[in-house]
Structures are given as C-alpha cells and as structure tokens.
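**Q** Build me a model from this:
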Amino acid sequence: MSTYMYEIIIFEGPDCSGKSTLKRAFEKKTNYRHLCVDRMFITSMVYNKCFERHEDLELHLEGDILAFDEHMDPMFVYVKTDIDVIYDRIQSRGDDMLTNKDILQKVVDEYDKTIEYLKSIDVRILIVDGNDPVDENIERILNGFC
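**A** Below is the predicted model:
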C-alpha cells in the first residue's frame, strides 16, 4: 500500500458503472476520513457535451479541472465498465435517461475521449475496471499511481 494518501478522491463514470458502490465500499473498508466525491468536473464535461448543454461551459470546466488538479492534488478514479453491464444495470434500476443504448454508447465514448484527453494534458486519472471485484479496485486506489 502506498504511504501517500490523497485527501480528495473523485469517482467518475457513466450512470450504473459502479462508481457509487466502489466509493461506499472504499469509505467503509478504509475508514477514509477525507473527501470522497461521486462525480465532479469530468462528468459535467461529458454530459454537457453529449446532451448539448451549456456549450460555453466546456472551456471553463477544463480550466477548473486543471486548477483543481494542480492545487488540490486529487485522485480522479474513472470506473470504466462494459456497456452491456451498464445497460443491464440501468434497465434493472428503471432509469429513464439512458435506456436508449445508442445514447448510452455516446456517453461511454465521450467519457473515454475525455479521459484520454485529460491524461494527455497531465491530469492524473486512475482507471479501474468496473467489471472487476470491488476489493481489487480498492487495492488499485490504495496503490495509487504506482
């Protein structure tokens, strides 16, 4: 386990990717006393773009995420999950927004593009597989960016 622990961890990913479940399990297992956030800048960037909301906000969000990353030293955790798993979870939850698989694919693709872009400009993002057991992903988070 890494001796350095982030004070802020932001869990990002599409609806039903497993980020809330991972966040709760992480907090319970580690008795984490700092700030764990379920979604923030990256989700705003993705959903604004996919649903054509607030086009002028994209540049502001990018600047905000860079400043936040520089000054707050967060760990961004992207929970990347197979689209069929996400779709099945959405169906069982009865969510109306992403029941169209084409729209869901657009959201997943936009997350992937946004994550790759942010990594290319040195935003530190840890990608975990939402299909993996939660305990394995907790270990990945604890080990950070080793």
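
**Q** ranges for the helices of the protein?
**A** 19-30, 41-50, 57-72, 83-93, 101-120, 134-143 (DSSP state H).

**Q** Please point out which parts of the fourth one sit buried.
**A** Buried residues in helix 83-93, counting neighbours by 16 or more other CB atoms under 10 Å, are found at 86-87, 89-90. No exception for glycine: its C-beta is placed from N, CA and C like everyone else's.

**Q** give the contact list for Cys36.
**A** 8-9, 11, 23, 26-27 (CB atoms under 8 Å, 6 or more residues apart in numbering).

**Q** try Ser17
**A** Here Ser17 is in contact with 79-81, 86, 130 (criterion: CB under 8 Å, 6+ apart).

**Q** go on, Ile83?
**A** By CB under 8 Å, 6+ apart, the contact set of Ile83 is 101, 104-105, 108.

**Q** To what extent is Glu27 buried, counted in neighbours?
**A** 15 (other CB atoms under 10 Å).

**Q** Scan the helices and strands of the chain for the one with the lowest mean pLDDT.
**A** strand 35-38 (a mean of 76; mean pLDDT, DSSP states H and E).

**Q** residues of that one that come out buried?
**A** Going by 16+ other CB under 10 Å, strand 35-38 has these buried residues: Cys36.

**Q** Can you show me the CA trace of that strand as CSV?
**A** Provided in CSV are the C-alpha atoms of strand 35-38 (Å, rounded to 0.1, in the frame of the first residue of the first chain):
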residue,chain,number,x,y,z
LEU,A,35,-13.3,13.9,0.9
CYS,A,36,-14.7,11.2,-1.5
VAL,A,37,-16.8,12.7,-4.2
ASP,A,38,-19.2,10.9,-6.6
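
**Q** Let's have the helices of the chain in CSV, adding distance to Leu126 and mean pLDDT.
**A** As requested, the helices of the chain are exported to CSV (distance: least, CB to CB, whole Å; pLDDT from 0 to 100):
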stretch, distance to Leu126, mean pLDDT
helix 19-30, 11, 90
helix 41-50, 12, 88
helix 57-72, 13, 84
helix 83-93, 19, 90
helix 101-120, 10, 93
helix 134-143, 7, 92
